[in-house]
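Colleague: One predicted model, sequence on top.
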Amino acid sequence: MCNDAPHGEDLVNPAETGPMPAAADDWWRTAVIYQIYPRSFADSNGDGIGDLPGITSHLHELATLGVDAIWLSPFYPSPQRDAGYDVSDYRDVDPLFGTLADADALIARAHELGLRVIADIVPNHSSSEHAWFKEALVAPPGSPARDRYFFRDGKGPDGSEPPNNWTSIFVGPAWTREIRADGTPGQWYLHLFDTTQPDFNWESEEVRSEFDDILRFWLARGIDGFRVDVAHGLIKEEGLPDYTVDRTVDPDGRHTFATTPFMGRDGVHDVWRRWRRVVEEVGADRMLAAEAWVFPLERMAHWVRPDEMHQAFNFPFLETKWEVAAQREIIGESIRAFSAVGAPSTWVLSNHDVVRHASRLALMGENPYGYGLGPKSPGQPDAVLGLRRARAASLMMLALPGSSYVYQGEELGLPEHVHIPDSKRQDPAWFRSGGERYGRDGCRVPLPWKSTAPAYGFSDTGKSWLPQPAEWGTLARDVQAADSTSTLAMYQTALAERAERRLGSGTLRWVDMGDDVLAFDNGTVRVITNMGDEPLPLPGNVIAASESVGATIPKDVTVWVERTVPTA
Ligand code: GLC
Ligand code: CA
């Protein structure tokens, strides 16, 4: 039976003294933030690409689900070479997604429903179609227009070798040589991602002040915060020295971009201090969330020191194996590392860059970051096991103190779409790797809303920019909304109970139920995840469960049970 003795200390969400509501300004400390990938959420005009009016028309469903905020992946004008993470104008909306008026309407509707709106901002690089980059291409070497990016002469007698040996995160060299108007090759420019995504030079004061203004532009339109793309990039080591990455994954298969000359540089913190001041000009309730792939967690926590950003995505949690000891360790480390700087921990299991957790948690083969999943990937996941574990993992995550991210479709238990035909794939990583990496299309497939409608209700015409798998009919939102045992119903119950019981601002205390069981208390809830073969006797009244349980909790199931809290 249970041994109530905690393993060590209580793990307290910082700046909270108990189960108290977070102050209004601090909403982000406990928020559940729902990530919308605009091109795949809902299509209002039938062109097969999701858009802002499509989002606005479905916001009430997210309010009903019980999330506190939405984060929108980029909707700015863009040639869409990296699905909008290649921005050509930071102060407008791509006609593909709508207009500025549509963005205003979306923000207004969200606020009316009590949802905050976080915009994605991409400061590391622009699109090669950005006016500044076009200006740079026609400007001479050494000109101020070129100094907003990284233009360098090539090596070798005729400058035909790249200025250094850096490689792109999307595979291949991180440099591309320009072809001048007269057809001759010129200088090289740096791009840590696709050739169409030139890196900005953040030593340039002009770049810095331009971004201050971009933030102000969106804050004035009512945006509540920003998810900052590649927040570990921006600053490059002086002199751009050669660097060879020996491993992009650690021995556990976890993604690593420790400190390199192009990532995780300390100089980046000045930028975040500056951004903090800019968002605070508007109000203490506006927030910044870092996409910072830096490890270990103690270093990641530098991104969320009190005068920098508010949150950083907890990728180490996302990448942790489905094992009791590993989960316990990462959860404890996360709360400790972020608490040490006064920030809440965040929790995330899926996003638009990784294999959906309903597939990932049942993968039998190696799957390094960015490889994605396709028909030829080793160790294909078992769909039933994957969904079972995904539900257990999500229910466990939603009971953790701090702020949680939910990626669109995970509330439906959507798996990765493994069988996208090669001819339909669109991720630049797929093309740049010559098909060696499937990339991220499999987690970006348009959502199923209605089981019997064309494109499962994603668009009236049945068009969908990526094909949807046939099995998704049974996972559609309308089917799940009518089924009290569905994944959707589980999320809705969990989010309502989480809010009611103020779990986001609670304190975590481990409960020892043996090596095969992850168990902890948070306020009035005891959370138990059984990862062992032995079914566990159910120790109390069930508040929420990842599968319907009888007298015992089976393997790969999480339950929240009522806990009697001793009165002080
Ligand atoms: C981030 C985004 C990813 C994008 C990359 C380049 O990692 O999440 O989707 O491809 O940055 O902007
Ligand atoms: Ca559309």
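Modeller: Structure's in. What do you need? Ligands and ions are numbered 1, 2, ... in the order given.
Colleague: who touches the residue of the stretch 151-300 of the chain found nearest ligand 2 in this structure?
Modeller: For the stretch 151-300 of the chain, the residue closest to ligand 2 is R221, as judged by CB to the ion, at 21.3 Å. Where C-beta positions appear, they are placed from N, C-alpha and C, glycine not excepted. Neighbouring residues of R221 by CB atoms under 8 Å, 6 or more residues apart in numbering: 100, 103-104, 107.
Colleague: do the same with V559
Modeller: 395, 527-528, 538, 542-546, 549, 553.
Colleague: can you rerun that using 6 Å?
Modeller: Neighbouring residues of V559 by CB atoms under 6 Å, 6 or more residues apart in numbering: 528, 542, 545, 549, 553.
Colleague: that's a strand at it, yeah?
Modeller: Yes: assessed by DSSP: H, G, I helix; E, B strand; the rest coil, V559 belongs to a strand.
Colleague: pretty sure A119 belongs to a strand, no?
Modeller: Yes: with three-state DSSP as the criterion, A119 is located in a strand.
Colleague: count of neighbours near the closest residue to it other than its chain neighbours?
Modeller: Using CB to CB, 6 or more residues apart in numbering and skipping the chain neighbours, the partner closest in space to A119 is I223 (4.9 Å). A count of neighbours around I223, defined by other CB atoms under 10 Å, yields 21.
Colleague: Ramachandran coordinates for I223?
Modeller: Torsion angles at I223 (phi, psi; degrees, to the nearest 10) stand at phi -70, psi 140.
Colleague: gap between it and A340?
Modeller: 29 Å (CB to CB, to the nearest Å).
Colleague: Same question for T167.
Modeller: 34 Å.
Colleague: Could you do S127 as well?
Modeller: For S127, the distance to A340 equals 38 Å [CB to CB].
Colleague: Likewise for L72?
Modeller: Per CB to CB, L72 is found 31 Å from A340.
Colleague: swap in I330?
Modeller: Taking CB to CB as the measure, I330 falls 16 Å from A340.
Colleague: So for the two, which residue has more residues nearby?
Modeller: I330 (18 against 13).
Colleague: who's in contact with that one?
Modeller: By CB under 6 Å, 6+ apart, the residues touching I330 are 316-317, 320.
Colleague: Tell me the secondary structure at it.
Modeller: Assignment for I330 (three-state DSSP): helix.
Colleague: Model confidence for it, exactly?
Modeller: On the pLDDT scale, I330 is placed at 97.
Colleague: excluding its backbone neighbours, what's nearest it?
Modeller: T320 (4.5 Å).
Colleague: Just read off the phi/psi values of that neighbour.
Modeller: The phi and psi values for T320, taken as degrees, to the nearest 10, are phi -80, psi 140.
Colleague: neighbours around it, how many?
Modeller: 20.
Colleague: cool, and V341?
Modeller: Using other CB under 10 Å, V341 is surrounded by 16 other residues.
Colleague: my guess is it meets R305, correct?
Modeller: Yes: the pair V341 / R305 is scored as a contact, 4.9 Å apart, by CB atoms under 6 Å.
Colleague: Please list all residues in contact with the residue nearest the centre of the chain.
Modeller: Central residue of the chain (CA atoms, centre = their mean): N351, 4.2 Å from the mean position. By CB under 6 Å, 6+ apart, the residues touching N351 are Y407.
Colleague: Let me know the distance separating it from E319.
Modeller: The gap separating N351 from E319 is 12 Å, by CB to CB.
Colleague: give me the element L508 is part of.
Modeller: Here L508, judged by DSSP states H and E, is contained in strand 507-510.
Colleague: how far does that strand sit from the chain's center?
Modeller: Centre-to-centre, strand 507-510 and its host chain are 25 Å apart (CA atoms, centre = their mean, to the nearest Å).
Colleague: Direction included, what does that strand pair against?
Modeller: Strand 507-510 sits in its sheet next to strand 11-12 (antiparallel), strand 517-522 (antiparallel), going by DSSP bridges.
Colleague: Buried deepest among the ones you listed, which one?
Modeller: Stretch with highest mean neighbour count among the strands paired with strand 507-510: strand 517-522 (a mean of 23; mean count of other CB atoms under 10 Å).
Colleague: which outside residues touch it?
Modeller: Strand 517-522 is contacted by residues 324, 327, 399, 503, 506, 508-511, 513, 527-530, 563 when judged by CB under 6 Å, 6+ apart.
Colleague: The residues you listed: which ones sit near ligand 2?
Modeller: Filtering the contacts of strand 517-522 for proximity to ligand 2 by CB under 5 Å from the ion leaves nothing.
Colleague: And the furthest pair within those?
Modeller: G506 and N530 (21.9 Å; CB to CB).
Colleague: which stretches of the stretch 451-568 of the chain have low pLDDT?
Modeller: Low-confidence segments of the stretch 451-568 of the chain, defined by pLDDT under 70: 565-568.
Colleague: Show me which of the contacts of V559 is closest to L488.
Modeller: Nearest to L488 out of those is A545 (CB to CB; 14.5 Å).
Colleague: For that closest one, give the beta-bridge partners.
Modeller: A545 has these beta-bridge partners by DSSP bridges: V559.
Colleague: Just give the number of residues close to it.
Modeller: The burial count for A545: 22, using other CB under 10 Å.
Colleague: for L400, same thing?
Modeller: Counted with other CB under 10 Å, residues neighbouring L400 total 26.
Colleague: From A455, how far off is it?
Modeller: Shown here: L400 relative to A455, a distance of 35 Å by CB to CB.
Colleague: and I528, which of the three is it?
Modeller: Of the three states, I528 takes strand under three-state DSSP.
Colleague: and the residue of the stretch 251-400 of the chain found nearest ligand 1, how many neighbours does it have?
Modeller: Across the stretch 251-400 of the chain, the shortest distance to ligand 1 (CB to the nearest ligand atom) belongs to D353, at 4.8 Å. Neighbourhood size, D353 [other CB under 10 Å]: 20.
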